[in-house]
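> can't give you the sequence, but here's the structure:
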């Protein structure tokens, strides 16, 4: 089969492309700019085009798979339609690919990638030989975000954006939380949680919904779905090689999964205790200047910000935390602004360089960064600054940072490049 992937550099679609190539399919695709993920795909024999004008879609393509970021009017999707090529979104394609497997789906507003990475560590240690797709690079997967296994187990991260996870048919669901996000698609929290209720109803009669039933949102989903559940709160909070209560709570879900799969509890505890994190999840990229740790983190929702900064404060109780936070989309920032501005109490200084426009947003109210930082100071009691841009923030940081500081580069956009540059500056 010849498969063309439009937006192949996305963290999920890149994993799908690699897995389909391993099956012996001819896989090729396109994206907008070079990346390490694309380099890795090219090393596997996958052809990559760095423009998306439609000319690279072969007429004999059997399946055209597109990232959710690629609209129907995009030249490549138009070209595929003209050629009458079968088209599937990435979630639909992954759902089709994973059918026939015992699917273990990790869902929730926050913590999906970290929990999936923990579950991957346990399943591999238990020699269950799973196929895996996760939204972050994982040390246990040789720094990749996918693995082709030989068993019938398929562990995957199930994103709720646009009800993407409704394409999957899980045997087990690990539900981290469900407090609300993606309000550019869901009209309110109730509609958002209804999507999780519908997802839980896909479980078979002998399937299991593993969640924290002390969490009222999760308890609501258990009750409304009627799914057979296992309460992760009854499992111990174990110490990990990565800080944070939220990480220990994620590990409770994986301990419960271990019980469902018949893995010895003591073995599960010992295996998870060695979990040291994954890419862009409180990842220490290196050191800047006079011993200043540089931490790169994906948090882009108020609850994630609070949890991450609390974990970093747990690790560095006396340090000055300088948090460079790049909000992800104007829409999310505007709709959750009241929650954002009170999320930084564990930081000492917050710098907002810009708003990352991820989806070429239309019909949105632009967030004024100057007003946002003023509100952070007023509501969180933390000094906040407008960094004006990533490049200007990069120039500003050396004048601010001092011995004893911790630099946190936080957000789901290209803020990760700043963390990289700050560590490279020291290496030079």
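Nice, I can see it. All values derive from a computational prediction rather than experimental measurement.
> mind listing the strands for the stretch 151-300 of the chain?
Ranges of strands in the stretch 151-300 of the chain, per DSSP state E, counting those that start in this stretch, are 153-157, 172-175, 208-211, 229-231, 283-288, 292-297.
> residues making contact with the third one?
Surrounding strand 208-211, the residues in contact under the criterion C-beta atoms under 8 Å, 6 or more residues apart in numbering are 171-176, 200, 203, 218, 221-222, 225, 227-232, 253, 256-257, 260. For every residue, glycine as well, the C-beta is placed using N, CA and C.
> any of those residues buried? List them.
Buried members of these, scored by 16 or more other C-beta atoms under 10 Å, are 171-176, 200, 203, 218, 221-222, 225, 227, 229-232, 253, 256-257.
> which helix or strand in the chain has the lowest average pLDDT?
helix 416-427 (a mean of 81; mean pLDDT, DSSP states H and E).
> so it versus strand 283-288, what angle?
Angle of helix 416-427 versus strand 283-288, following axes from the mean of the first three to the mean of the last three C-alpha atoms, to 10 degrees, is 40 degrees.
> what's the angle between helix 416-427 and strand 292-297?
On the basis of the same axes, to 10 degrees, helix 416-427 is oriented at 160 degrees to strand 292-297.
> what packs against helix 416-427?
Contacts defined by 3 or more C-beta pairs under 8 Å, 6 or more residues apart in numbering; DSSP states H and E place helix 416-427 against strand 283-288, strand 292-297, helix 390-400, strand 405-410.
> now what about it, what contacts it?
Here helix 416-427 has contacts from 280, 285-289, 294-296, 324, 353, 390, 393-394, 397-398, 407, 409, using C-beta under 8 Å, 6+ apart.
> for ChimeraX, write the selection for the buried entries among the residues you listed.
Here is the ChimeraX command that selects the buried residues among the contacts of helix 416-427 (16+ other C-beta under 10 Å):
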select :280,285,286,288,289,294,295,296,324,353,390,393,394,397,407,409
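> what about residue 374, neighbour count?
14 (other C-beta atoms under 10 Å).
> tell me the contacts of it?
By C-beta under 8 Å, 6+ apart, the contact list for residue 374 reads residue 384.
> which strand or helix spans it?
Assigning secondary structure by DSSP states H and E places residue 374 in helix 369-380.
> about what we covered before: can I get the helices and strands packed on helix 416-427 in CSV with distance to residue 24 and mean pLDDT?
Compiled in CSV, these are given as follows (distance: least, C-beta to C-beta, whole Å; pLDDT from 0 to 100):
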stretch, distance to residue 24, mean pLDDT
strand 283-288, 34, 89
strand 292-297, 36, 92
helix 390-400, 42, 95
strand 405-410, 40, 95
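> just tell me which of these ends up closest to residue 245.
Nearest to residue 245 among these is strand 292-297; the distance by C-beta to C-beta comes to 15.6 Å.
> tell me the angle of that closest one relative to strand 405-410?
Going by the same axes, to 10 degrees, strand 292-297 makes 20 degrees with strand 405-410.
> strand partners (parallel or antiparallel) of strand 292-297?
Applying DSSP bridges to the sheet, strand 292-297 is found paired with strand 283-288 (antiparallel), strand 405-410 (parallel).
> those: which one's closest to residue 331?
Of all the strands paired with strand 292-297, strand 405-410 sits nearest to residue 331, with 18.7 Å by C-beta to C-beta.
> tilt between that closest one and helix 390-400?
Using the same axes, to 10 degrees: strand 405-410 against helix 390-400 is 170 degrees.
> renumber starting at 37 from here on
Right, with 37 as the first residue, what we last looked at is strand 441-446.
> now do strand 441-446: everything it contacts.
Against strand 441-446 from outside (C-beta under 8 Å, 6+ apart): 324, 328-336, 341, 344-345, 348, 352, 355-362, 383, 433, 437, 451-452, 454-455, 458.
> now list the buried members of those.
For these, a neighbour count by 16+ other C-beta under 10 Å gives the buried set as 324, 328-336, 341, 344-345, 348, 352, 356-362, 383, 433, 437, 451-452, 454-455, 458.
> now the helices and strands packed on helix 452-463 as a markdown table including distance to residue 306?
Formatted as a markdown table, those follow (distance: least, C-beta to C-beta, whole Å):
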| stretch | distance to residue 306 |
| --- | --- |
| strand 319-324 | 24 |
| strand 328-333 | 27 |
| helix 426-436 | 40 |
| strand 441-446 | 30 |
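> of those, which is nearest residue 372?
strand 441-446 (14.9 Å).
> longest helix in the chain, by residue count?
helix 281-296 (DSSP state H).
> what's the average pLDDT for that one?
For helix 281-296, mean pLDDT rounds to 96.
> what do you get for stretch 364-377?
86.
> quick one: end-to-end length of stretch 386-393, please.
Using C-alpha to C-alpha, to the nearest Å, the end-to-end distance of stretch 386-393 comes to 20 Å.
> quick check: pLDDT value at residue 395.
56.
> so how far is residue 290 from residue 240?
21 Å (C-beta to C-beta, to the nearest Å).
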